[in-house]
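Visitor: Dropping a prediction and its sequence here:
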Amino acid sequence: MATQSTAFHPRLLEQTPPTTKSAGHVIVDSLVAHGVERTFVVPGESFLDVLDGLHGSPIETIVCRHEGGAAYMAEADGKMNQVPGIAMVTRGPGAANAHVGLHTAWQDSTPMVLFVGLIPFGHRDREAFQEFDIKAWFDTGAKRVMVLDHPERASEIVAEAMFAAQSGRPGPVVVGLPEDIIQEQIDPTLHPSIPVATGGMTTVDSRALADALMNSSKPLFVTGGNDWSQAAADQLTQWLEKHHIPAAAEWRTQGTVPFDSPSYVGPIGYGRPRPTYDLLDETDLLIFVGTVPGDVITDGFVCRQDWNKKNFLVTIDPSLRGRSGPVSWQIVAKPDVFVRDLVEIELPYREDWKSWTERMRGEQKAFASLPSSHPHPGAARMDTLMANLVPKLPADAMVTFGAGEHTNWAHRYFPTQRYASMLSARNGSMGYSVPAAIAASLANPRRRIVTIAGDGEFLMNGQELATAAQYGATPLIIVMDNQEYGTIRTHQERHYPGRISGTQLRNPDFAVMAQAFGGFGVRADEDKDIPAALDAALKAIETDNTFALIHLVVEQRVKAY
């Protein structure tokens, strides 16, 4: 009877769940189960079965033009979201190109998983085509490097990778996928996700922090890292404002405490304005949340090195990797749970705290006050561009940038009003601006995404504008063209004055490039061109649903501060 029934109802067999699936397809199913929404890919024959698994899956596959661009997009995705960013590249050259994004994720503490296709298992150690030693390459720059040598562990490996990327101090994980192993048929049962410990304040921690605050006349919080939620950022801001306590932002992480908060007193990092530089030594109590006082914050391990100073470090990393200077107390906690416990601490009104905060806030407001929006005679100016742009930005606008002196206009003027409204590479990596803007636009299609790129920085990954056009990303891209690598020229003038060498550039017409890639491009050579160019670019984004680029030709040696 069973045979007759099956023959009579042939679709019954089609409706029966498969008893096996390929390991590559199970990897995709596992990523879906972990909440991954998109993956950034440069395809290769080494992981075709995973690509096949992505076909028809809920995960959006973003095909990029270079592995460095794909890795940067995944890293930016990990900064914005509660799930690690995912990139997929092929063996050898592909893995080498992706390394730049991995280093960014390592130094920026960003949760990210890089899947790398590998040669077939049987070809290993024979110098096969594009063979390389994945552990030798990545072991010192990733939290874990795993290779799927046993197909039945496919889902387990994904769960372990996602866990490792998020646990402790977040960071990148590399997973190698041998070409033949991922084609093997296995049991499709998925490994459950692994819970990530978040730590928290003990009663002893809470008492120690409260006592330290009460004994301080000039306390200062410093927020940083990529491990926050908007809810925690809001709670912290409310608590700081209630108690009239100031907060500064780690270099290139502005927005955790909003730009217009009466408690926000500016960024701390390379090229910082003088008031926040002085803060490090003037404050009698520093509380770092989500970060530690490392090289950049301490200006090369110089500031805040007196061991009599009081520093409270709030980080889930018990090893305090990257820390310099005194440690008065460590609280092992992720920012969210620390803030959850912090808001339970009630403190009395302190007039000295209010005066201290208002003084620093006044200096920050003066520093961030917009210059005149009226154009000046002569060459285009970034000051004029920012003065015209900022009033047109919605409250949830986001800025991305890479590395260079052009970034200081964003540090100074861009109104970061929420967590993850500034995406950048704290390892100083160039080429980050455009890929990060694309990832941000795809993840937040209703937000205004602005990227500020230098001319040298833009050309390192400007080809990803093709990716923006293909997937409908709509950032506003401002290319500040001063025909040089400005930061290096500044160092050169300091150490080898008058001897310009290796820093000067001859550039294409970036507006024409944008048009060639399928977007809107406009060039502003003179300051008077800026208002009309900006209006035209914003109109193109809003009416044509495209990206827009403004090529701003500026004078050399003009700085934000």
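Guide: Looks like it arrived, so ask away.
Visitor: my guess is Ile62 is in a helix, correct?
Guide: No. Read with DSSP: H, G, I helix; E, B strand; the rest coil, Ile62 is strand and lies in no helix.
Visitor: That one reaches Val36, doesn't it?
Guide: No. Counting by C-beta atoms under 8 Å, Ile62 stays clear of Val36, with 12.0 Å between them. Where you see a C-beta, it was placed from the backbone N, CA and C, and this is true even at glycine.
Visitor: tell me which residues of the helix or strand that Val100 is a member of are tucked away?
Guide: Using DSSP states H and E, the secondary-structure element containing Val100 is helix 93-108. Neighbour-count burial for helix 93-108, counted by 16 or more other C-beta atoms under 10 Å, picks out 94-95, 97-108.
Visitor: now swap in stretch 386-405 and tell me
Guide: By neighbour count, with 16+ other C-beta under 10 Å as the criterion, the buried positions of stretch 386-405 are 386-390, 393, 397-405.
Visitor: Any idea what Leu423 is bridged to?
Guide: Thr400 (DSSP bridges).
Visitor: Let me know whether it touches Lys79 as I believe.
Guide: Yes. In this structure, Leu423 is within contact of Lys79 by C-beta under 8 Å, at 5.6 Å.
Visitor: Apart from its chain neighbours, what residue comes closest to Gln470?
Guide: Val63 (7.2 Å; C-beta to C-beta, 6 or more residues apart in numbering).
Visitor: His244 too?
Guide: Nearest non-adjacent residue to His244, counting by C-beta to C-beta, 6+ apart: Lys354, 4.0 Å away.
Visitor: if we can go back for a sec, what about the residue nearest to Gln470, neighbour count?
Guide: Val63: 15 surrounding residues under other C-beta atoms under 10 Å.
Visitor: Ile550 touches Leu385, doesn't it?
Guide: Yes. Using C-beta under 8 Å, Ile550 is in contact with Leu385, at 7.4 Å.
Visitor: Please enumerate the shared neighbours of these two.
Guide: 478, 524, 534 (C-beta atoms under 8 Å, 6 or more residues apart in numbering).
Visitor: which one of those residues has the most neighbours?
Guide: Ile478 leads the shared contacts of Ile550 and Leu385 on contacts (other C-beta under 10 Å) with 29 neighbours.
Visitor: what comes up buried for stretch 508-524?
Guide: So, applying 16+ other C-beta under 10 Å, buried residues of stretch 508-524: 510-511, 513-514, 517, 519-524.
Visitor: So which of the shared contacts of Ile550 and Leu385 are in strands?
Guide: Judged by DSSP state E, the subset of the shared contacts of Ile550 and Leu385 located in strands is 478, 524.
Visitor: would you list the shared contacts of Ile550 and Leu385 in CSV and tack on pLDDT?
Guide: Below are the shared contacts of Ile550 and Leu385 laid out as CSV (pLDDT from 0 to 100):
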residue, pLDDT
Ile478, 98
Ala524, 98
Leu534, 98
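Visitor: Could you dump the shared contacts of Ile550 and Leu385 into a markdown table with distance to Val158 added?
Guide: Below are the shared contacts of Ile550 and Leu385 laid out as a markdown table (distance: C-beta to C-beta, whole Å):
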| residue | distance to Val158 |
| --- | --- |
| Ile478 | 38 |
| Ala524 | 47 |
| Leu534 | 45 |
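Visitor: Just the closest of the shared contacts of Ile550 and Leu385 to Ile186, please.
Guide: Nearest to Ile186 among the shared contacts of Ile550 and Leu385: Ile478, at 49.1 Å, using C-beta to C-beta.
Visitor: follow-up on the earlier one: identify the farthest-apart pair in the buried residues of stretch 508-524.
Guide: Farthest-apart pair in the buried residues of stretch 508-524 is Phe517 and Ala524; separation 19.0 Å (C-beta to C-beta).
Visitor: Return the distance of stretch 85-98 from the chain's centre.
Guide: What separates the centre of stretch 85-98 from the centre of its chain is 18 Å, taken as C-alpha atoms, centre = their mean, to the nearest Å.
Visitor: What residues does Gly199 make contact with?
Guide: Gly199 neighbours (C-beta under 8 Å, 6+ apart): 316, 331-334, 337-338.
Visitor: so Pro115 touches Val50, yeah?
Guide: Check again: residue 115 is Phe, not Pro. Yes. Using C-beta under 8 Å, Phe115 is in contact with Val50, at 7.0 Å.
Visitor: separation between Gly176 and Ile182?
Guide: Separation of Gly176 from Ile182 (C-beta to C-beta, to the nearest Å) stands at 10 Å.
Visitor: Find residues that contact each of the two.
Guide: In contact with both Gly176 and Ile182: Leu148, using C-beta under 8 Å, 6+ apart.
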